[in-house]
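Peer 1: Structure of the sequence below:
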Amino acid sequence: MSLAPLFDPSILFFVVGIAAGLMKSSLEIPVPIARFLSLYLLMALGLKGGFALAQSGFTLEVLSDLGIAIALAVIDALCQVYPPHRVGIRLSPAATVHDCEDSAPMDVFSTLVGELGSRRLGYLHLIEGQTRGPRDWRPEVDLQWLKGVFRESGGLTVMANNGYDRQMAEQAVASGAADLVAFGVPFIANPDLVLRLQRGVALNEADTATFYKGGPKGYIDYPFYSA
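Peer 2: Below you'll find the model as predicted:
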């Protein structure tokens, strides 16, 4: 079966349009989407532009280098429109979701975060462990070291994420492990999350069965805190 129809110019323009839309709607590009776009464009170049990659085979190292180059090209394009301190990126160095697992994660991500830091980006948003999953990660992935590379290279702010509660967040900021901490799921279940954290009261538990379902249930029907 030929893959050529997948790279018809109209489809390629559609994919590029998705990337352009993301740039206009948000300054943070989700890494899974960036990876998909990168792989698609690499394959498109291989079939339509004469690259030998898709035709003669290519190593993971080459793919990683090109992936980094494309990620930086996107960042550089954004920084032509917005000042770098208003641009951020979210990375998941330890994630293995959908079998996305780098064979040499520290080589890949240390190079990438160093380059990002040198551009003095506003923030590096790191997922610790699996997105919306356990915080455990591969021992060879040193997230603290990656944060240091970003800062030492000129990056401005490090944002931590995944499974944090108030105590963990305060400890991370106090220790310098992070400059700020992102809360995702707790905000869905707690429309007054900031107030609850300030007062140290119990949080509503999120109903994960309602995630990505559409409609109001599980999004606007969680109770507010009442003393």
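Peer 1: hmm, which helix or strand of this structure has the shakiest average pLDDT?
Peer 2: Least confident element among the helices and strands of the chain, by mean pLDDT, DSSP states H and E: helix 53-56 (a mean of 42).
Peer 1: ranges for the helices of this structure?
Peer 2: All helices of the chain, identified by DSSP state H, fall at 9-25, 31-48, 53-56, 60-81, 105-118, 143-152, 166-175, 185-189, 193-199.
Peer 1: ok, and for the fifth one, which residues are buried?
Peer 2: This points to helix 105-118. By 16 or more other C-beta atoms under 10 Å, the buried positions in helix 105-118 come out as P105, M106, V108, F109, S110, L112, V113, G114, E115, L116, G117. Any C-beta I mention is one placed from the backbone N, CA and C, and that applies to glycine too.
Peer 1: Next, the angle from that helix to helix 143-152.
Peer 2: Angle of helix 105-118 versus helix 143-152, following axes from the mean of the first three to the mean of the last three C-alpha atoms, to 10 degrees, is 30 degrees.
Peer 1: Check which helices and strands helix 105-118 sits against.
Peer 2: helix 60-81, strand 88-91, strand 123-127, helix 143-152 (3 or more C-beta pairs under 8 Å, 6 or more residues apart in numbering; DSSP states H and E).
Peer 1: so which of the ones you listed is the most packed in?
Peer 2: The highest average neighbour count among the helices and strands packed on helix 105-118, using mean count of other C-beta atoms under 10 Å, belongs to strand 123-127 at a mean of 23.
Peer 1: So which elements touch that strand?
Peer 2: Looks like strand 123-127 contacts strand 88-91, helix 105-118, helix 143-152, strand 158-161 (3+ C-beta pairs under 8 Å, 6+ apart).
Peer 1: Ok, which of these comes nearest R196?
Peer 2: strand 158-161 (18.6 Å; C-beta to C-beta).
Peer 1: Listing partners with orientation, what would you give for the closest one?
Peer 2: strand 123-127 (parallel), strand 180-182 (parallel) (DSSP bridges).
Peer 1: Switch these over to CSV; also include mean pLDDT and distance to A160.
Peer 2: Below are these laid out as CSV (pLDDT from 0 to 100; distance: least, C-beta to C-beta, whole Å):
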stretch, mean pLDDT, distance to A160
strand 123-127, 92, 6
strand 180-182, 94, 5
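Peer 1: per-residue confidence at P191?
Peer 2: With respect to pLDDT, P191 scores 92.
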